[in-house]
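Asks: Everything below, folded, please.
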Amino acid sequence: MITERTVKTRKAFTLAETILASVILCAAVVVLCAISSRSLRQTKLSRQHDLARRLLNQQLTMIDHMGIDEFIDQGIMQGEFGEQASGYDWKAELAQQTYENLYKLKLTVSWNSGKQQRSISAMTMLNAQSTATSIIQ
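Replies: A predicted model of the protein is given here:
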């Protein structure tokens with residue numbers, strides 16, 4: 001005796017398939033949000049570092065332009081950048097080298113990034129005018 005079997009046709013997803021797809025989709029969205037958030041933080045930090053490097057270069061150029069002798073005479077070894085870069089400070093450390101007119105300058109720019117204090121530094125050697133040369137000129 002031959003019996004006919006009825007073949008079920010599938011018209012929709014099962015509940016388990018729908019839940020599994022939803023879980024996978026939610027996990028993907030969470031991962032993408034985390035990546036996006038981290039990317040935004042890194043971009044902000046990169047901009048802060050870029051500004052600090054430009055300020056550091058600007059301050060070094062100003063010191064080099066005025067001359068190390070004039071810079072020492074002014075006696076200002078630290079300061080703020082003011083409205084140009086609110087929250088960014090600079091500090092200079094000078095050390096006279098064994099050669100009479102040679103100075104080692106370490107310039108540091110610092111700023112607050114959230115709860116962290118960040119800074120970048122540059123060191124260079126500057127040649128001061130000798131007193132003998134100043135008298136002759």
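
Asks: how about the strands in the protein?
Replies: 78-80, 88-96, 102-113, 116-127 (DSSP state E).

Asks: Pairing partners for the last one, with directions?
Replies: So that's strand 116-127. Strand 116-127 has its sheet partners listed here by DSSP bridges as strand 102-113 (antiparallel).

Asks: got the angle between the strand it pairs with and strand 88-96?
Replies: 160 degrees (axes from the mean of the first three to the mean of the last three Cα atoms, to 10 degrees).

Asks: Below-threshold pLDDT in the chain: ranges please.
Replies: Low-confidence segments of the chain, defined by pLDDT under 70: 1-10, 130-137.

Asks: can you count the residues close to Lys115?
Replies: Using other Cβ atoms under 10 Å, Lys115 has 5 other residues around it. Every C-beta, even on glycine, is put in place using the N, C-alpha and C of the backbone.

Asks: Also Leu55?
Replies: Leu55 has 20 neighbours, counted by other Cβ under 10 Å.

Asks: so what's it up against?
Replies: Contacts of Leu55 were listed using Cβ atoms under 8 Å, 6 or more residues apart in numbering, and they are 81, 84-85, 88, 90, 109.

Asks: Name only those of those residues that count as buried.
Replies: 81, 85, 88, 90, 109 (16 or more other Cβ atoms under 10 Å).
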